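Enquirer: Sequence and predicted structure, then a few things I'm wondering about:
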Amino acid sequence: MIRMDVESRPRPKLVGWGLLVWLVAVGCRASESPPAEPQMLSVFAASSLTEAFAEVGRDFETHHPRVKVRFHFAGSQVLRLQIEQGARADAFASANPVHIEALRKSGAIAEAVKFAQNELVVAVPRNGGTVERFEDLVDASRIVVGTEGVPVGAYARQVLERAKDRFGDRFVDRVWSRVVSRESNVRLVRAKVELGEADAAFVYRTDTLASERLRVVPIPKEAAVRASYWIGVPAEAAHPKSAERFVRFVRSEAGAAILERHGFGVPGSDGKAGRRPNDR
């Protein structure tokens, strides 16, 4: 009689099933793809859009969970120069059509649309100060404006040029004589008044709404200037489809509601830009 030890007895079924389970597990792990990284959308935007676009970006990400928006805020002229020098932007929002138009002419942007409007005002300290009316600018000791190349600076120059018709050349010359600083973006202009380093500054109305330390001195109707904001997708955008979705979201009802909450005006149907932003 042949006697077989229990330990040496073959167990083909158990070994076979164990091997099968192990192979299936290994195969499943091998077929699992690592979670895809969120797509990073790079948006270049004018400094005056900081608070509004931060909220726009959050809402856009909610509707597009696989996309993250990274903003670069600066003066429009600085952002335009960066794009011209090869910086990869997926979208560019300018506070002045001049910079969008320059990029369009060079082929760096094919199309642009107008999506918001703003208004230039004089910002003064909320408490105290010598400027109560526009005419009082001649009594200020320190006035701050943007540089000529930055949109808020170009708009300020338009205001003062228009003011000559009502107040005269001498008034405007006296105002310019009190300018002590020219800054490269509107946030730096605003900060001078907030920090007590200026008695008055030319900024956008939206910038005063975003600061508790400022109050508004309106600009007379004859000299008033409205700023228009344009947005486009650069030709070298890394993520053009997502960028186009972002532009559509900015111009949607949801995007318009956010912009209006932050004090921007939104163009009507006649505010569509087409291809050439010419309303300077």
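Expert: Yes, it's here.
Enquirer: CA only for contacts and neighbour counts going forward, please
Expert: Noted.
Enquirer: give me the number of residues near Q158?
Expert: Using other C-alpha atoms under 10 Å, Q158 has 14 other residues around it.
Enquirer: Would you check how far apart it and E222 are?
Expert: Distance, Q158 to E222, using C-alpha to C-alpha, to the nearest Å: 11 Å.
Enquirer: and if you look at F167?
Expert: In terms of C-alpha to C-alpha, F167 sits 10 Å off from E222.
Enquirer: and if you look at E260?
Expert: E260 is 25 Å from E222, by C-alpha to C-alpha.
Enquirer: Looking at those two, which is more packed in?
Expert: Set side by side, E260 and E222 show more neighbours around E260, with 15 against 12, by other C-alpha under 10 Å.
Enquirer: Helix or strand: which one has the more buried one?
Expert: Element membership of E260 [criterion: DSSP states H and E] is helix 253-261.
Enquirer: That helix: which residues count as buried?
Expert: 255-259 (16 or more other C-alpha atoms under 10 Å).
Enquirer: likewise stretch 129-149?
Expert: 131, 137-138, 140, 142-149.
Enquirer: for stretch 93-102, same thing?
Expert: Those would be 93-101, for stretch 93-102 by 16+ other C-alpha under 10 Å.
Enquirer: List the ones among the residues you listed that fall in strands.
Expert: 93-94 (DSSP state E).
Enquirer: quick one: which of the buried residues of stretch 93-102 is nearest A163?
Expert: Checking these against A163 by C-alpha to C-alpha gives N96 as the nearest, at 20.8 Å.
Enquirer: Check the gap between that closest one and R190 for me.
Expert: 18 Å.
Enquirer: One more: A238?
Expert: A238 is 34 Å from R190, by C-alpha to C-alpha.
Enquirer: These two: which has the busier surroundings?
Expert: Legend: neighbour count by other C-alpha under 10 Å for A238 and R190, higher for R190 (28 against 16).
Enquirer: Could you pull up the residues touching that one?
Expert: Contacts for R190 (C-alpha atoms under 8 Å, 6 or more residues apart in numbering) come out as 123, 201, 203, 207.
Enquirer: try R205
Expert: Per C-alpha under 8 Å, 6+ apart, neighbours of R205: 118-121, 216, 263.
Enquirer: Now with 10 Å, please.
Expert: 48, 118-123, 215-218, 262-264 (C-alpha atoms under 10 Å, 6 or more residues apart in numbering).
Enquirer: got a pLDDT number for S269?
Expert: For S269, the pLDDT comes out at 38.
Enquirer: Let me fix that, I meant to ask about P38.
Expert: P38 is given a pLDDT of 83.
Enquirer: and it, how many neighbours?
Expert: 12.
Enquirer: Repeat that for the one 5 residues further on.
Expert: Other residues within reach of V43, judged by other C-alpha under 10 Å, total 22.
Enquirer: So which residue is smack in the middle of the chain?
Expert: Nearest to the geometric centre of the chain sits A45, at 3.0 Å (C-alpha atoms, centre = their mean).
Enquirer: Pull out the buried positions in the one helix or strand that one maps to.
Expert: Per DSSP H and E: A45 is located in strand 39-46. Residues of strand 39-46 classed as buried: 41-46 (neighbour count, 16+ other C-alpha under 10 Å).
Enquirer: With distance to A74 and pLDDT added, can I get these in TSV?
Expert: Listed next are those as TSV, based on distance: C-alpha to C-alpha, whole Å; pLDDT from 0 to 100:
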residue	distance to A74	pLDDT
L41	17	97
S42	13	98
V43	11	98
F44	8	98
A45	7	98
A46	5	96
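Enquirer: who touches A210 in this structure?
Expert: Counting by C-alpha under 10 Å, 6+ apart, A210 has contacts 48, 50-52, 262-263.
Enquirer: Between all of those residues, which two are separated the most?
Expert: T50 and G263 (12.4 Å).
Enquirer: any common contacting residues for these two?
Expert: Taking C-alpha under 10 Å, 6+ apart as the criterion, T50 and G263 both touch 207, 210.
Enquirer: So which of the two has more stuff around it?
Expert: Using other C-alpha under 10 Å, the more surrounded residue of T50 and G263 is G263, with 21 against 18.
Enquirer: For the more buried one, which non-adjacent residue is closest in space?
Expert: In this structure, G263 finds its nearest non-sequential neighbour in T206, 5.2 Å apart by C-alpha to C-alpha, 6 or more residues apart in numbering.
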